[in-house]
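Peer 1: for reference, the sequence and a predicted model appear below.
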Amino acid sequence: MIDLHVHTWRCRHAEGTADQYVRAAASCGVRTLGITDHLPLPPTLLDRIPSAREYAMPLGELGEYVEEVGRAGDLGNQIGVEVLLGIEIDAVPELYAHASELLSRHPFDVVLGSVHFIDDWAFDDPELIGRYEDWNLEDLWERYFGEMIDAARSGLADVVAHADLVKKFHSHPTGAVGHLYAFAADSLAEAGVAVEVNTAGLRKPCGEIYPAPAFLRELNRAGVPATVGSDAHAPGDVGAAGRQAVQALEDAGYQSVVIYRKRVAEEVALSDI
Ligand SMILES: [Zn+2]
Ligand SMILES: [Zn+2]
């Protein structure tokens, strides 16, 4: 199994050291582990949204994080787990320049691009769930998908993470959303990014893998490569529902996944993970 999306204690809302994740991966059969903590957020955003300090590691810790993952890689070499140096970035326009500068400092293997903010609202934070009432859900989904497509086109990320995160609290519009899936799939294909089959949705109110089955079928139709991530926030969730992720990929017509090393994609047959 592979797992290209996990978070450590450094992001202040997850637990476990990089070494603990590697040991957990070894014991549950994850052979390739991407450690992908959140890239530090820029001071301007933290000034505007003080609660965002709990969404990512502080700016001064990025170097220590890279070193910690490097040491975990040494441990992985001894116990049969390949460790990839990853990072998850908030790919919203305001953060592009900041993210691009930080990404250039270290030899990342894989960069996940995510949208967690609509303007100043961290729409996936359970404490801010009341703000869904301020939105017409059709408008919210259109806005979210627009931001997600911009993130894919930004050139910063290799993989779009949890591509339909907007459904986390089961906030589906009443109307059909197939046109959003189709347009997003074509846009991701054009942008040359992959999509992640993220099993965290199964542990959230929506109770469904990101992306939804109909969306994943569109992504496969458009030729967007896929990878797998648990989005674990504790070592016990490494590789969570990995077999369900593979099943979702098969159901959508995929026969392979991609793994990134030094930001170069390598295809691996589904039967080999
Ligand atoms: Zn995320
Ligand atoms: Zn994440």
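Peer 2: Happy to help now that I have it. Given the structure is predicted, the values throughout are model-derived calculations rather than measurements. Ligands and ions are numbered 1, 2, ... in the order given.
Peer 1: wait, Leu165 sits on Ile118?
Peer 2: No: taking contacts as CB atoms under 8 Å, Leu165 lies outside contact range of Ile118: 10.6 Å. C-beta here means a position set from N, CA and C on the backbone, and glycine is covered the same way.
Peer 1: so between the two, which is more surrounded?
Peer 2: It is Leu165, of Leu165 and Ile118, that has more neighbours when counted by other CB atoms under 10 Å, with 22 against 17.
Peer 1: need the nearest residue in space to that one, chain neighbours excluded.
Peer 2: Distances taken as CB to CB, 6 or more residues apart in numbering put Asp124 closest to Leu165, at 5.7 Å, once the chain neighbours are dropped.
Peer 1: now swap in Ile118 and tell me
Peer 2: Nearest residue to Ile118 in three dimensions, chain neighbours excluded: Arg143, at 6.0 Å (CB to CB, 6+ apart).
Peer 1: the residue of the stretch 101-250 of the chain found nearest ligand 2: what's it in contact with?
Peer 2: Relative to ligand 2, the nearest point of the stretch 101-250 of the chain is Asp231 (4.5 Å; CB to the ion). By CB atoms under 8 Å, 6 or more residues apart in numbering, Asp231 lies in contact with 5-7, 161-162, 198-200.
Peer 1: is it possible to export these to TSV including neighbour count and distance to Asp19?
Peer 2: Formatted as TSV, these follow (neighbours: other CB atoms under 10 Å; distance: CB to CB, whole Å):
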residue	neighbour count	distance to Asp19
His5	27	18
Val6	31	12
His7	25	14
Ala161	28	23
His162	29	26
Asn198	28	24
Thr199	27	23
Ala200	22	22
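Peer 1: alright, calling it a day.
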